[in-house]
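# here's my sequence, what's the structure:
(chains A and B)
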Protein chains: 2
Amino acid sequence: MNTLTRRDFVIGSTALGLVMAVRPGLAANSDRAPLYAEVERRHDESVQRLQDWIRNPTIAAEGRNLEEGCSHMMRLLGEAGFQRVERMPTDGVPGVFATLDAGATRTLGVYFMYDVKQANPDEWSSPPWEARFIDMPELGSAIMGRGATNQKGPQSAFLAALHAFKATGRKLPVNLVLVAEGEEEIGSPNFHQVVRSPEVAARLATTEGVFMPFPSQGLDGNITINLGAKGIVELELVSSGERWGRGPGKDVHSSLRAMLDSPSLHLVQALNSLVTPEGTPAIDGLMDRVRPLSAADHALLDTAAGRLDEASYKRAYSIQRFAQDADFRQALENLVSRPTVNIEGLVGGYTGPGGMTVLPTRATAKLDLRLVPDMTFDDTIAKLKAHLERRGFGDIEVKVGGGYDPTTTHADSRLIQSQVAVYRAAGIEPILWPRLAGSWPGYLFTGAPLNLPAGHFGLGHGARAHAPDEYYLIESRNPELSGYDAAVKSYVDYLFALA
Amino acid sequence: MNTLTRRDFVIGSTALGLVMAVRPGLAANSDRAPLYAEVERRHDESVQRLQDWIRNPTIAAEGRNLEEGCSHMMRLLGEAGFQRVERMPTDGVPGVFATLDAGATRTLGVYFMYDVKQANPDEWSSPPWEARFIDMPELGSAIMGRGATNQKGPQSAFLAALHAFKATGRKLPVNLVLVAEGEEEIGSPNFHQVVRSPEVAARLATTEGVFMPFPSQGLDGNITINLGAKGIVELELVSSGERWGRGPGKDVHSSLRAMLDSPSLHLVQALNSLVTPEGTPAIDGLMDRVRPLSAADHALLDTAAGRLDEASYKRAYSIQRFAQDADFRQALENLVSRPTVNIEGLVGGYTGPGGMTVLPTRATAKLDLRLVPDMTFDDTIAKLKAHLERRGFGDIEVKVGGGYDPTTTHADSRLIQSQVAVYRAAGIEPILWPRLAGSWPGYLFTGAPLNLPAGHFGLGHGARAHAPDEYYLIESRNPELSGYDAAVKSYVDYLFALA
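Model prediction:
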C-alpha cells in the first residue's frame, strides 16, 4: 500500500530536477591515499560485515532480537576502534554509548540506530533477511534486504572508514562520541534516557554536533543539506461506543443505526473539526506558536525554487495541483513553514472487499501532526486534547505513538560547513534547505540543554526504506552515483574536514 | 470483527425479552399423522441431504461452484417433487425456476437461495465445509457449517416436508412456484432478471404471496412476523487524488501534506456533510419521500414496546443510550420508521498496527443507507450523487454494491394470517412488527408489477449467519426450541393453513 520510502522523499522533495549533474569524484589528497587504498582493499570484508548485520535484524515493534541486536551493535563498534562501548539500559530496548578517543582537538557526535522496520517476505523479490546481491538496471550491483539503506548500509560504510584508519595505524583526526538506539522505528520512545543520562550528555556537549550517516544521493546524484527538521506527533484517535457511552458496545447489525449513534461518525465529525474546509489546521490555538520564516530562510527558498524543476517534482508524486492552488515557490514555502494535520490511515468496522452491514462500535484515525518552531510535542498534544474536549469529542481516546520536537541547525556550524566542503570537493553543489519537512529524533541534540548542530551526511545511494526490496548500492554503474567505497571515503573526508 | 449474525439481529431487535415462554408443540391433527410419521422416519435421510448440500458450497463473491451449485439446487427440487425445474440464465450466476402443480386451488410462491457467505476456516471451531454434528450447551445437537442456518437448513427442512408428501403419496394442499438465486450474498444483483422474466412473473402473479423458509425462533423460542422490510443501498465512497485532481496521485511521505491536499480529509468532509451533527441523514431531499407511520403501525409498536424488555434489549447490544436520548418506545419507532446513513467501514492509507507516515492518495468509506417507504433505491442514489456534486464532492466515486427498495406486506394477507395460525397452534403468540429494519430482496415480489405479500416463515433455530461457527439446531434439548423434525412439520402445517 505504501510504496514511498524515506529516500524517495528526500530525492523528490529537494533534489529532483536540478539542472546541474556534475560527476561525483573525491578530491585528490595524497595524504589520504593510503586510507583510500585500505578502503578498497577491505571492500569485501566491509560488505560482508554489512550482509551479516542485515541477517541479524532487530525489530522493536515485534520484540525481535533485542539483546542480540544490541550485542551485535556493541561488537561492531568495538571492532571499529571504539575504546569504550557501553550497553545503556532504558525502559525499553537498550541503547549503546561508545567513545573513541583519538587525542584530537575536536570531537564529533554520531547517531546510530540498530533496529529496522518490519518486513513481509511475501512482498519482496529477494528475501529481506538474506542480503543478496541484486543487479539493478541503470544503477549497478546492490545489496537488497531490510535495513540495507536504513540504516545499516551507510552506518557500515562509516564503520568501514574507521577500520581503514585502524588498519593503517592512523589516528582519527577527531574524537568520536556515539549514541545508538534500537527503537528508532517505533519513534524512539526511550532514546532520551540514553542522550540525557549525565555522562553521555556531558560527553555529547563537547562535540561539534551530531551526525547520522546517510545515503544522501538522489537518483540524479544530487544532495540536499537540511538545516533542521519539523517535529512530529504520531497518534491515533479512537472513537468507541464503550468510552462514548453512546452507540453500540460491540459491532451490531447496521439496521440498528436507526436507534443508535455511530462511533465512526463521531470520529468523522471530530476529524472534520481539526481542519478548516481548506485543510489548514484548525486545532484551537495550534498556530499561536508558529515562528515565521526568517529572511535567510526566504533567500534559501528563492534559490532552491530557482534550481528545482517543478514539472519533475510534480511527476515524482503524481501531483496535479498544490494545496490551495499555490504556485511552486509558495508550495515549497508551505512545505517548510506550515504545521500539518495529516490522516495517515482510517480503519473502522468492516474493511474487507465489498460491504458488510455492520454498525461498528469502534473506528480509528491514524494522524500525524508536523510541528515547526516554536511548537513542541507536549504543547501540541495538550492543545489537541483541549480542542476535542471543548467540541464535544472529549471521549475520543488520544493514543500518542511517539514524536519529536522540531530541530534547527545553523548553516554556519562546523558540522554543516564541513559537509558543504566535502560535497563540493566531490563535485556536487548541495542545496541548502531551511527545514526537512520530515522528522527525526535530532531534537534531542539540537534542543536544550545540548543545543548542538545535528544533521545527516554521506555519499552513496539507497532506496525503499520501510518498503519491500530495500537496497543499498555497492558497485555503481551510474556515473552520477557513488558506490560503497566512495561512500566510505566520503566519511574519511568528513572526519578530516571537521578536524 | 463482525460477530453479529442475521439471526442475532432478528432475535435481539424484536423478540428479546418477551415475558411469555410457552412451550412450542404442534397442534394435533389426525389427518397429518401419516405425514408427521414420514417426516420422522426420513429424519436421517433429510439431515444427510442438508449435510451434503453444505459440503457443496456456492460462493458468488469468489466465483466458486456456480454451475455445480445451480445443478445441485435443481436436483434437490426435482427429487422433492417439482415437476418442472429450469435453469434461468442471468447476467451473473444462474437462477432457478421450478413449479409443482398439485392440482390445488391455491398456489404458494417460494424463494430460495443456493449461495452462501464466504468462510475463513481458521476462525471456525469446526470446519465450515464439513457440516459436522456439534453438541451445543443448553441447545442440543446442531449441524455446524457455512450455510447451516442461512439458508440451507431451513430450506432443506421445507424440502423434507415435500418429501413426506411424496413418500406418502399425498398431494400437496397448494401448488408451488419457486424461484431461486445464487447471488443473494452479494446483494442479488441479477435476481430481477429471473423474477421479471415473463413466464416466471406470470406464474408468480397467481400465488398467494412468496415466502422464504426461515429459522424464526429466537433463543427464547419466540417469533416475530415482519410486515415488510426497509430497503437498502450499499455503496462505497472512494476519494482519490487521481479523480480529484488534487493531493498526491500515489501514497507519498506525510510531510508533503504541507503542500498537498488530502483525499482522506476530502472524504471525511464529504461524510460529515451527509448527516446533521445529531446524526440524522442530511442528504439534500432524502427525507422528502419518507412516508409517516400509520395509526396501525403505531398500534403494533405500542404492543411490541409493552412486550419487549428494554433492559435485555440494551444488554444484547451493549447499549448505554439510544440515539438522541430517545426512550424505548421512540427508539423502536425510529428503528422502523427512519432512513439511515451508516458507516459500515472506513479504510484508507495505513491500516496496520501503530503508525506509518504516509499521505494516502485514496480513502474509502463503506456505507449503507436504509430506506423506508416511499423511498427507492434509484432515487436515493441519484440524490446522494446530486448532494455530493452540489457540495464540492462530485469527484468522489459512488460505487454502488447493491440494494433493494423497501417492502411492505399487509398483516391481513393469507400469507401472514396462515403464519399466525400455525405459530399459535404451536403455542407461540408471534409479535407483529411493522417493518424489519434489515433488508432482503422481497421488493421484487411486493413491488410493482407483482404487488404480492412476501415474508419469512418456519419453526426452528439457527444462528451465526455470516459469522464463524454458523449452526442449525437438529436435535433440541431446549424446551423452547424446535428441532429439525418440528421445523419440517411446521412447513407441512403451513401448506395446509394456506390451502
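# tell me the buried residues in stretch A:185-202?
Within stretch A:185-202, the residues that qualify as buried are A:185-195, A:197, A:200, counting by 16 or more other Cβ atoms under 10 Å in any protein chain shown. C-betas here are computed from N, CA, C, even on glycine.
# how about stretch A:378-391?
Neighbour counts over stretch A:378-391 (16+ other Cβ under 10 Å) mark A:379-381, A:383-385, A:387-388 as buried.
# one step back: out of the buried residues of stretch A:185-202, who's near chain B?
With Cβ under 8 Å from any Cβ of the partner chain as the criterion, the members of those in contact with chain B are A:186-187.
# and the buried residues of stretch A:185-202, which is closest to residue A:451?
Relative to residue A:451, the closest of these is residue A:195; by Cβ to Cβ it sits at 12.8 Å.
# next, count neighbours for the closest residue in space to the closest one that isn't next to it in sequence.
Among residues not flanking residue A:195 along the chain, residue A:444 sits closest, at 4.5 Å (Cβ to Cβ, 6 or more residues apart in numbering or on different chains). Using other Cβ atoms under 10 Å in any protein chain shown as the criterion, residue A:444 is surrounded by 25 other residues.
# which element is residue A:444 on?
Element membership of residue A:444, judged by DSSP states H and E, is helix A:443-446.
# which helices and strands sit right next to the helix or strand that comes right after that helix?
For helix A:443-446, the succeeding helix or strand toward the C-terminus, using DSSP H and E, is strand A:454-457. Packing contacts for strand A:454-457, counted by 3 or more Cβ pairs under 8 Å, 6 or more residues apart in numbering or on different chains; DSSP states H and E, involve strand A:210-213, strand A:224-226, helix A:414-425, helix A:484-498.
# okay, now the sheet partners of the next helix or strand after strand A:454-457, with direction.
The C-terminal neighbour of strand A:454-457 among helices and strands, as given by DSSP H and E, is strand A:462-463. Strand A:462-463 has these partner strands in its sheet, going by DSSP bridges: strand A:471-476 (antiparallel).
# and for the partner strand, what's in contact with it?
A:47, A:50, A:133-134, A:136, A:139-145, A:148-149, A:152-154, A:215, A:460-464, A:481-484, A:486 (Cβ atoms under 8 Å, 6 or more residues apart in numbering or on different chains).
# so how do I select the buried members of those residues in ChimeraX?
Here is the ChimeraX selection string for the buried members of the contacts of strand A:471-476, based on 16+ other Cβ under 10 Å:
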select /A:47,50,134,136,139,140,141,142,143,144,145,148,149,152,153,154,215,460,461,462,463,464,481,482,483,484,486
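# among the contacts of strand A:471-476, which are located in helices?
Among these, the members falling in helices are A:47, A:50, A:153-154, A:484, A:486 (criterion: DSSP state H).
# so which of the residues you listed comes closest to chain B?
Top of the list for closeness to chain B, among the ones in helices among the contacts of strand A:471-476 and by Cβ to the nearest Cβ, is residue A:154 at 18.9 Å.
# quick one: contacts for the residue of the stretch 151-300 of chain A found nearest chain B?
Residue of the stretch 151-300 of chain A nearest chain B, by Cβ to the nearest Cβ: residue A:249 (2.2 Å). Listed by Cβ under 8 Å, 6+ apart, the contact partners of residue A:249 are A:241-242, A:361, B:317-320.
# just those residues: which are in helices?
For the contacts of residue A:249, the ones inside helices are A:241-242, with DSSP H as the criterion.
# just give me the closest of the contacts of residue A:249 to residue B:437.
Taking Cβ to Cβ as the measure, residue B:437 lies nearest residue B:317 of the contacts of residue A:249, at 12.6 Å.
# quick check on the closest one: phi, psi?
Geometry field for residue B:317 lists phi and psi as phi -110, psi 10, criterion degrees, to the nearest 10.
# can I assume residue A:67 is in contact with residue A:74?
No - using Cβ atoms under 8 Å, residue A:67 is not in contact with residue A:74; the gap is 10.5 Å.
# out of those two, which sits in the busier spot?
In this view residue A:67 and residue A:74 are compared by other Cβ under 10 Å, and residue A:74 has more residues nearby, 20 against 12.
# can you tell me the element the more buried one falls in?
helix A:66-80.
# so which elements touch that helix?
Helix A:66-80 sits against helix A:43-54, strand A:84-88, strand A:95-100, helix A:153-167, strand A:175-181, with contacts defined as 3+ Cβ pairs under 8 Å, 6+ apart.
# other SSEs contacting the first one?
So the one you mean is helix A:43-54. Contact partners of helix A:43-54 among helices and strands, from 3+ Cβ pairs under 8 Å, 6+ apart: helix A:66-80, strand A:140-144, helix A:153-167, helix A:484-498.
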